[in-house]
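> Predicted model and sequence follow; I will ask about them next.
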Amino acid sequence: MAPPATSTDATLQEQVSILTRELADAREQLAAALQQQNASSEVLNVISRSPGELQPVFDTILQEATRVCQANFGLMIRYEEGSPHPIAFFGVPQAFVELAERDGTLSEHAPSARAARTKQTVHVADFTKEYAYAVERHPMAVAGAEIAGIRTLLVVPMLKEGDLIGNISIYRQEVRPFTDKQIALVQNFAAQAVIAIENARLLNELRQRTDDLTEALGQQSATADVLKLISRSTFDLQSVLDTLAESAARLCEAEMALDTAVFSAAAGRRTIMGRVLQERRAVQIADLASDPDYKLTEAITIAKIRTLLGVPLMREGEPIGVMNLAVSGSRPLPTSRSSWWLHSRTKPSSPSRMRGCLLSYGSR
């Protein structure tokens, strides 16, 4: 027969139960902390793997925020010129997405509107008690509660130097408020999104400056080549024109170049030369086949040209020739690069001495 339990045994059992619960709580907190750390690491990895590409970053941030915080779905918004635009979805019910795309106007009392107005995190325990739904009965609020099943929600603004640039919203389809740690995690994700946006902006600016510098150096080199040739070929105009045409085609990624003198029959809009002379500026025809005024059909049928760019060669304010660049595909030519040769003709030439030179570089 077992001895009767004493008060000491009961106390020990109670202490064991308390320690067991504390151990379970500690393990749960450790698991949550590791999960949050892994989520943050994944976001940072995506940012490092996708320099200048924001969509993978947005998708990962929203997915991790929704998953780690045990929400049912999430939405990320970015403000452009003061207007909100969805940039990422995760698990949002399709019927609610379709309704929002048709008319996504929000009530001024909506949680996301409050977050935008106050630039503060908004945590709603039960959305069905919100003014926009319970009193105003705003269509989007009603759809959110009755179609998407929104109950508890969290909206965290994305701020750059105090300016609102977006927000992250996560939703639960049950009344279960988010913990302080979960709220802090989403705030951290919002900060990472802002950093990613700023990094992408700086990287794109650097790339643009690098491209501009490369283009400027290319133009400078081409101009230097022309000037050297002019100095060596005082009476050899054709060599200068050939170099101009070749340099222009290379800089503008064209397949053919043609440098021609002005002649009276070119007037009108039926040819590229006529349009250039008429407007006295660079003119581009994106697709010769679909241009109703272009009549020089041989360019299409024989030369297989689809895109054509003409730039006037000016002397004392009057056009004395036209530089034409062409490609076989319907592809716009970079007009910003075509202006350099307008200033490359540093030595006056006689129109009677200019004859067309066609340089073909083949398909690219």
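Good, I have the coordinates.
> which stretches of the stretch 151-300 of the chain form strands?
Counting by DSSP state E, counting those that start in this stretch, the stretch 151-300 of the chain has these strands, from start to end: 152-160, 163-172, 256-261, 283-285.
> Just tell me which of these ends up closest to residue 114.
With respect to residue 114, and counting by C-beta to C-beta, the nearest of these is strand 152-160 at 7.8 Å. C-betas here are computed from N, CA, C, even on glycine.
> now the closest one against strand 163-172, angle please.
Regarding strand 152-160 and strand 163-172, their directions subtend 160 degrees when assessed with axes from the mean of the first three to the mean of the last three C-alpha atoms, to 10 degrees.
> can you pull the buried residues of strand 152-160?
Neighbour counts using 16 or more other C-beta atoms under 10 Å place 152, 153, 154, 155, 156, 157, 158, 159 of strand 152-160 among the buried residues.
> Looking at those, point me to the pair that's furthest apart.
152 and 159 (23.2 Å).
> how distant is stretch 66-81 from the center of its chain?
The gap between the average C-alpha position of stretch 66-81 and the chain average comes to 20 Å, counting by C-alpha atoms, centre = their mean, to the nearest Å.
> Likewise for stretch 284-294?
How far stretch 284-294 lies from its chain's middle: 30 Å, per C-alpha atoms, centre = their mean.
> okay, now the domains of this structure?
21-202, 233-360 (automatic domain parsing).
> How about residue 103: what's its closest non-neighbour residue?
Closest residue in space to residue 103, ignoring its immediate chain neighbours: residue 139 at 7.2 Å, by C-beta to C-beta, 6 or more residues apart in numbering.
> from what I can see the one you found touches residue 104, true?
No - counting by C-beta atoms under 8 Å, residue 139 does not reach residue 104; the two are 10.0 Å apart.
> okay, and for the stretch 151-300 of the chain, where does confidence drop off?
Applying pLDDT under 70 to the stretch 151-300 of the chain flags the ranges 219, 222, 226-227, 229-236, 259-267.
> For the residue lying closest to residue 159 once chain neighbours are set aside, which residues are in contact?
Nearest residue to residue 159 in three dimensions, chain neighbours excluded: residue 119, at 6.1 Å (C-beta to C-beta, 6+ apart). Going by C-beta atoms under 8 Å, 6 or more residues apart in numbering, residue 119 touches 157, 159, 162, 164.
> what's the farthest-apart pair in those residues?
Looking at the contacts of residue 119 by C-beta to C-beta, the two members farthest from one another are 157 and 162, with 10.5 Å of separation.
> Please report the distance of residue 163 from residue 205.
As judged by C-beta to C-beta, to the nearest Å, residue 163 and residue 205 stand 18 Å apart.
> How much space separates the closest residue to residue 332 other than its chain neighbours from residue 84?
Closest residue to residue 332 apart from its sequence neighbours, by C-beta to C-beta, 6+ apart: residue 286 at 5.8 Å. Taking C-beta to C-beta as the criterion, residue 286 is separated from residue 84 by 35 Å.
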